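Student: Following is a predicted model, sequence given first.
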Amino acid sequence: MTDPTAGNGILVKVHGEDIAAGSQRLPAAGPDQQAELSVVVDAKYLGKVRITYRLGKSPRRHRNLWFWTACHAAVVPSPE
């Protein structure tokens with residue numbers, strides 16, 4: 001298993017559909033949101049995974065486009 005403190009964790013192993021499902025649970029992106037938010041999803045091949053999303057803003061100055069980007073993922077340990 002990958003060290004959860006290094007880089008993106010296991011984000012490269014998480015399918016796009018699972019990342020998209022997690023982003024649907026987030027509030028609308030905007031300037032009043034926290035810089036990072038996490039959600040737990042049931043990934044098809046990995047089990048429970050905590051995905052952290054980072055708030056971003058369009059680099060173009062004339063637009064106020066805010067969005068969420070997945071930046072880290074880690075397996076949630078089972079409560080056994």
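Tutor: That came through fine. Numbers count the residues shown, from 1 in each chain.
Student: in the protein, which spans are helices?
Tutor: 16-23 (DSSP state H).
Student: Tell me where the model's unsure across it.
Tutor: Counting by pLDDT under 70, the chain contains low-confidence residues at 1-6, 61-62.
Student: change it to 80
Tutor: Within the chain, the segments meeting pLDDT under 80 span 1-6, 60-63, 79-80.
Student: hey, where'd the strands end up in it?
Tutor: Assigned strands in the chain, in chain order: 36-43, 47-57, 66-75 (criterion: DSSP state E).
Student: Which among the ones you listed is found nearest to residue 29?
Tutor: Closest of the strands of the chain to residue 29 is strand 66-75, at 3.8 Å (criterion: CB to CB). All C-beta spots, glycine's among them, are computed from the backbone N, C-alpha and C.
Student: Would you mind getting the angle between that closest one and strand 47-57?
Tutor: Here strand 66-75 runs at an angle of 150 degrees relative to strand 47-57 (axes from the mean of the first three to the mean of the last three CA atoms, to 10 degrees).
Student: Buried ones in strand 66-75, by neighbour count?
Tutor: For strand 66-75, burial by neighbour count (16 or more other CB atoms under 10 Å) applies to 68, 70, 72-75.
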